[in-house]
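> Sharing a sequence plus its predicted fold:
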Amino acid sequence: MAEHRFIYGFHAVIAKLRHSPDDVREIFVDSQRQDGRTRDLIKLAETHGVRLIPSDAARLDGMAGGQARHQGVVARVNATLRVLKLDDVLDTLSEPALLLVLDGVQDPHNLGACLRVADAAGAHAVIAPKDRACGLNATAIKVASGAAESVPFITVTNLARSLRELKERDVLTLGADGEATGDLYSVNQKGAVAWVLGAEGGGLRRLTRENCDQLARIPMHGSVESLNVSVASGICLFEARRQRESS
């Protein structure tokens with residue numbers, strides 16, 4: 001039997017059905033749910049010929065790793081994830097690249113939220129190191145609400161080297177740093193841009209910071225000193241998008 005993994009939640013399962021239906025092996029649905037949302041999911045699964053299995057809550061809880069927020073739907077999908085490289089994305093773009101680089105984000109909830117923000121801002125990919133960072137697990141996919149299927153997630157062995165590769169492709173690498181002298185609104189972001197954000201609490205690592213073209217801060221006007229990485233990602237990416245559309 002081929003290896004498999006579980007994804008759960010309506011957004012994640014529906015996105016998988018729409019983008020990669022051949023990867024969905026079967027869907028387990030709470031037999032007690034009879035609402036419109038469930039009926040729509042069942043109809044979509046039947047359209048793609050995916051097997052549906054009525055299940056009780058205890059079975060769904062077990063497949064979702066004890067995550068009660070599976071919403072009554074869990075899908076068994078092929079475990080193999082497509083391995084993407086930077087060039088796979090950059091070589092196919094018809095507009096300047098807009099990328100999000102995450103330096104060691106370890107909370108899958110934050111990763112999922114960052115993917116969702118990247119999708120909303122029209123970012124072309126999210127890049128993260130393979131080590132000392134969380135991967136694209138079921139929790140991240142659930143929180144991403146479908147964005148894990150629509151936004152390429154690229155893992156790299158050496159983040160500093162990848163930043164240098166981006167520079168060679170004329171992508172401006174901007175590091176978000178609360179100690180930077182200039183703010184993000186003063187940076188010209190109308191060309192190809194990769195925003196680089198650090199992990200929860202620690203911020204950018206020294207080598208990552210040194211390999212950014214420029215550092216910029218998000219102006220803070222209240223009493224808090226920092227923002228969640230997904231919130232900060234949204235501010236940075238949407239400012240880049242605003243500048244492009246105003247040019």
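In hand now; what should we look at?
> Domain boundaries for the chain, per the record?
The record assigns the chain these domain ranges, following automatic domain parsing: 4-78, 86-246.
> from the ones you listed, which stretch is densest packed?
domain 86-246 (a mean of 18; mean count of other CB atoms under 10 Å). Using the backbone N, CA and C atoms, a C-beta is placed for each residue, glycine as well.
> how close does the closest residue to G104 other than its chain neighbours sit to A232?
Spatially, and ignoring its direct neighbours in sequence, G104 is nearest to A199 (4.0 Å; CB to CB, 6 or more residues apart in numbering). Distance of A199 to A232, computed by CB to CB, to the nearest Å: 12 Å.
> just the helices in the chain please.
For the chain, applying DSSP state H gives helices covering 10-19, 36-47, 57-63, 86-90, 108-121, 138-144, 147-150, 159-168, 206-210, 229-246.
> Any idea how far the last one is from the middle of the chain?
Per CA atoms, centre = their mean, to the nearest Å, the displacement of helix 229-246 from the mean C-alpha position of its chain is 15 Å.
> so S150 touches A120, yeah?
No: counting by CB atoms under 8 Å, S150 sits too far from A120 to count as a contact (10.3 Å).
> Just list the residues touching the residue nearest to the spatial centre of the chain, thanks.
In the chain, the residue lying closest to the centroid (CA atoms, centre = their mean) is L115, at 2.2 Å. L115 makes contact with V126, A140, V143, A144, A147, A148, V151, F153 under the criterion CB atoms under 8 Å, 6 or more residues apart in numbering.
> which residues sit against stretch 235-247?
Against stretch 235-247 from outside (CB under 8 Å, 6+ apart): 96, 98, 100, 117-118, 121-123, 174, 176, 184-185, 188-190, 193, 195, 197, 218, 227.
> hey, least reliable of the domains of the chain by pLDDT?
Of all these, domain 4-78 carries the lowest average pLDDT, namely a mean of 87.
> Return stretch 94-101 as CSV; C-alpha atoms alone will do.
Taking Å, rounded to 0.1, in the frame of the first residue of the first chain, the C-alpha atoms of stretch 94-101 are listed here in CSV:
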residue,chain,number,x,y,z
SER,A,94,4.7,36.8,-15.9
GLU,A,95,5.0,39.6,-13.3
PRO,A,96,7.8,40.6,-10.8
ALA,A,97,8.1,38.0,-8.1
LEU,A,98,6.5,38.5,-4.7
LEU,A,99,7.8,36.0,-2.2
LEU,A,100,7.6,35.3,1.5
VAL,A,101,10.7,33.9,3.2
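> That stretch: how far from the chain's middle?
The answer for stretch 94-101 is 14 Å, by CA atoms, centre = their mean.
> try stretch 132-150
That offset, for stretch 132-150, works out to 6 Å (CA atoms, centre = their mean).
> repeat for stretch 174-185
That offset, for stretch 174-185, works out to 22 Å (CA atoms, centre = their mean).
> before we move on, what about stretch 44-61?
25 Å.
> Repeat that for stretch 198-212.
19 Å.
> Quick one: end-to-end distance for it.
Start-to-end span of stretch 198-212 (CA to CA, to the nearest Å) is 12 Å.
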